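>>> heads up, no residue letters with this:
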């Protein structure tokens, strides 16, 4: 395969300034690296954290962390993949061998890289370098359309992760000890019904008896209902949850927004000894009233999805809901439309957007 | 038994104002109540929250929530106890039957009362009413001296609770799945080496391979070392923990202080995917930097000890460490010395103090 010397890429120069640039073809840096030709890339809500300048600089790197593609080059130590393999590229890389990876905590891999950062150029490009290719890539299943497969790079596994953390901790409360982890049970509420929220709902409905969801935007509530939640605006959700739980509150709240006010809502909606499972990217201080923490005996799990661990179960969620997730992608754009799309996305005027690269060059 | 019409009691009138008053003998209010003659009562660090006005008023109730005593009167529905039984009076009552009690979450009993509050007069009195006597009292074991038995009312079970929450959550990380909950493992750090911290250490050393402890006071570090911790001042503990964990940080931090700065320290000392187990009474907002929550995938369990659940295992900790806990009680005082002792305790000039009532009137 003849590989080009340069490629097109979306580069963040400073907050609110993206440029479609010609960049050098990526180089292998380690024998465990691979180079991917990106066929579909996604624009994610957390790209907006960077776009808006909520992450510390400096900038001048390629943005994006959701991709499906084909391997075009492999380092000498890559044994699992060969040129031509179609793969899902998870949003962060992980070695598969360190203390954290051994526990399934791949988001904290001692040698991992987050795509779309100063350390690792991102996926909104024609090609990308992937470190630890053996440890971190997944074969793209043939039965899942490319357009929705890109959701496997981040948000479907992240949705599964936040739901299963909630379930695991809430299961500690179940008195039917026998095989409780495998059984549906309890009442959850998903706070935020954007793309990750919808993914969280699709996972949560397989785990909890009832899943409520809330958001400030009416059209997001409609989507949440399609995904199986009892979707209600902020002024109605609490009363409905209390009615469903004999006045106690939700067993678990899933916080996917990454805003301190979403944590406030979670603290308010859960019962005593409730669980708050958060996958939102928190860039600011999170303040919770001490009397709630102490007086409700709250449990929290925060943090970035360990994506490699959650891709296998998340694939089943996607496979079982193909139509729903087709519907979920609102825009398919070309590379030339990316910068304009960020402007609309940042103003909340468009929903989930994927960039289709294949055959465009 | 002839019961008096009045009794001596320590009454909080307003912040920093305690009065030794003559109060009416307590009345049974429900058939499930019992009346206890207090033989030994403790002064607890959380009494200082009330003394200092950190809890909202109004006041004019009997303070205290640690006691050992003898039953002198029972309501008609009390079946488990009879007059003359010696009992440990846990710091809060619980019905033993509701949704929360059924899960072992007795601190959130739907009908529970916290002693030393407007709702339930406390234990620094000659007599006290106890609600849900069948559900909440424990027989006082004959082999444990009265002076240390009073520690079973709160701080030994609270120490066990905060340690076992840390262990339970940290066990989620263990890759040796078989029977992992019963095995010692991991590295913990106890933040705060006052009375509850020492109890937490005595429990934690039975669960974790290594237990570090830190405090600002030198004499507390000495006590922490006696209880089995590697006790170090704030400027040395982090480096020692990093050295013991290949640079990762502690698997779990036990926060027993109830001050936001102790949570800061905990967040700093744990590794990625670390556990923060808190039993401190948080009366103020707790603020944690979002990037730490997200970037370290932190887990938290906050809240008041479900004391009835943790008394049985905690008794074993006390039984196996009688000498250590004898040493731990620094002052035995009479009722007439209580108010002066609060003044010294509030200024951190005396340690754990118990009030010996038996035979004083």
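Alright, I've got the coordinates. Please read all numbers here as calculations on a predicted model, not as lab measurements.
>>> Give me the pLDDT value at the residue nearest in space to the middle of chain A.
Residue closest to the average C-alpha location in chain A (CA atoms, centre = their mean): residue A:155, at 2.9 Å. Here, the pLDDT recorded for residue A:155 equals 96.
>>> Just to check, it is in contact with residue A:202?
No. With contacts counted by CB atoms under 8 Å, residue A:155 stays clear of residue A:202, the gap being 10.4 Å. No exception for glycine: its C-beta is placed from N, CA and C like everyone else's.
>>> For residue A:260, which non-adjacent residue is spatially closest?
In this structure, residue A:260 finds its nearest non-sequential neighbour in residue A:286, 5.0 Å apart by CB to CB, 6 or more residues apart in numbering or on different chains.
>>> can you count the residues close to residue A:22?
9 (other CB atoms under 10 Å in any protein chain shown).
>>> Now do the buried residues in the helix or strand where it lies.
Residue A:22 is part of strand A:17-24 when elements are defined by DSSP states H and E. Residues A:18, A:23 are the ones in strand A:17-24 that count as buried (16 or more other CB atoms under 10 Å in any protein chain shown).
>>> what pLDDT, on average, does the helix or strand that that strand is followed by get?
Using DSSP H and E, the next helix or strand after strand A:17-24 towards the C-terminus is strand A:34-43. Averaging pLDDT along strand A:34-43 gives 97.
>>> Apart from its neighbours in sequence, what residue is nearest residue A:27?
Using CB to CB, 6+ apart, the nearest residue to residue A:27 is residue A:129, at 7.0 Å.
>>> Spell out which residues of the stretch 51-200 of chain A are next to chain B.
A:99-100, A:102-103, A:105, A:107-108, A:168, A:172-173, A:175 (CB under 8 Å from any CB of the partner chain).
>>> For residue A:84, the count of nearby residues, please.
Using other CB under 10 Å, residue A:84 has 9 other residues around it.
>>> hey, where'd the strands end up in the stretch 151-300 of chain A?
Per DSSP state E, counting those that start in this stretch, the stretch 151-300 of chain A carries strands over the ranges A:187-191, A:210-214, A:230-231, A:250-255, A:270-278, A:285-289, A:299-301.
>>> Adding mean neighbour count and mean pLDDT as columns, could you present those in CSV?
Output for the strands of the stretch 151-300 of chain A, formatted as CSV (neighbours: other CB atoms under 10 Å in any protein chain shown; pLDDT from 0 to 100):
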stretch, mean neighbour count, mean pLDDT
strand A:187-191, 31, 98
strand A:210-214, 26, 98
strand A:230-231, 21, 98
strand A:250-255, 31, 98
strand A:270-278, 27, 97
strand A:285-289, 18, 93
strand A:299-301, 26, 97
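>>> okay if I get these as a markdown table plus distance to residue B:247?
Output for the strands of the stretch 151-300 of chain A, formatted as a markdown table (distance: least, CB to CB, whole Å):
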| stretch | distance to residue B:247 |
| --- | --- |
| strand A:187-191 | 35 |
| strand A:210-214 | 40 |
| strand A:230-231 | 45 |
| strand A:250-255 | 30 |
| strand A:270-278 | 26 |
| strand A:285-289 | 26 |
| strand A:299-301 | 24 |
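>>> Was I right to think residue A:39 contacts residue A:146?
Yes. Counting by CB under 8 Å, residue A:146 is a contact partner of residue A:39 at 6.4 Å.
>>> higher neighbour count, those two?
More crowded of residue A:39 and residue A:146, by other CB under 10 Å: residue A:39, with 21 against 15.
>>> Run through the residues that contact the closest residue to the more buried one other than its chain neighbours.
Spatial nearest neighbour of residue A:39, chain neighbours left out: residue A:358 (4.2 Å); criterion: CB to CB, 6+ apart. Going by CB atoms under 8 Å, 6 or more residues apart in numbering or on different chains, residue A:358 touches A:39-40, A:146.
>>> Checking residue A:358 next. Helix, strand or coil?
coil (DSSP: H, G, I helix; E, B strand; the rest coil).
>>> The closest residue to chain B within the stretch 101-250 of chain A: what's it in contact with?
Closest to chain B within the stretch 101-250 of chain A is residue A:108: 3.9 Å, counting by CB to the nearest CB. By CB under 8 Å, 6+ apart, the contact list for residue A:108 reads A:100, A:306, B:272-273, B:296-297.
>>> Grab the two from the residues you listed that are most spread out in space.
With CB to CB as the measure, no two of those lie farther apart than A:306 and B:296, at 12.7 Å.
>>> Got a PyMOL select line for the buried ones in the residues of the stretch 51-200 of chain A next to chain B?
Only the buried members of those end up in this PyMOL selection, burial being decided by 16+ other CB under 10 Å:
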select buried, chain A and resi 99+100+103+105+107+108+168+172+173
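>>> check contacts around residue A:277.
A:162-163, A:165-166, A:169, A:252-255, A:300-301.
>>> and the two most separated of those?
A:163 and A:300, at 15.2 Å, using CB to CB across those.
>>> Tell me, domain by domain, which residues of chain A belong where.
Structurally, chain A divides into domains by automatic domain parsing as follows: A:6-154+A:306-356, A:157-301.
>>> what does the worst-scoring helix or strand of chain A on mean pLDDT rub up against?
Using mean pLDDT, DSSP states H and E, helix A:45-51 stands out as the lowest-scoring helix or strand of chain A, at a mean of 90. By CB under 8 Å, 6+ apart, the residues outside helix A:45-51 that reach it are A:12, A:15-16, A:18, A:55, A:63-65, A:116, A:154, A:194-196, A:258, A:281, A:283, A:342, A:345-346.
>>> after it, next one along is what?
strand A:61-62.
>>> got any ranges where chain A has weak pLDDT?
A:1, A:175-182, A:359-361 (pLDDT under 70).
>>> Just give the closest residue to residue A:351, not the sequence neighbours.
Spatially, and ignoring its direct neighbours in sequence, residue A:351 is nearest to residue A:330 (3.8 Å; CB to CB, 6+ apart).
>>> Kindly report the same for residue A:197.
Counting by CB to CB, 6+ apart, residue A:197 lies nearest to residue A:256, which is 4.8 Å off, once chain neighbours are set aside.
>>> still on that earlier bit, taking the contacts of helix A:45-51, please make a ChimeraX selection of just the buried ones.
To isolate the buried ones among those in ChimeraX, judged by 16+ other CB under 10 Å, type:
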select /A:12,18,55,63,64,65,116,154,194,195,196,258,281,283,342,345
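>>> Could you tell me which of the contacts of helix A:45-51 are located in helices?
A:195-196, A:342, A:345-346 (DSSP state H).
>>> Just send these back as CSV, with distance to residue A:150 too.
Formatted as CSV, those follow (distance: CB to CB, whole Å):
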residue, distance to residue A:150
A:195, 11
A:196, 14
A:342, 17
A:345, 15
A:346, 20
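>>> Tell me which two in those are the farthest apart.
Taking CB to CB, no two of the ones in helices among the contacts of helix A:45-51 sit farther apart than A:196 and A:342, at 17.8 Å.
>>> Residue A:347 versus the residue nearest to the centre of chain A, what's the distance?
20 Å (CB to CB, to the nearest Å).
>>> Also residue A:324?
With CB to CB as the criterion, residue A:324 and residue A:347 are 26 Å apart.
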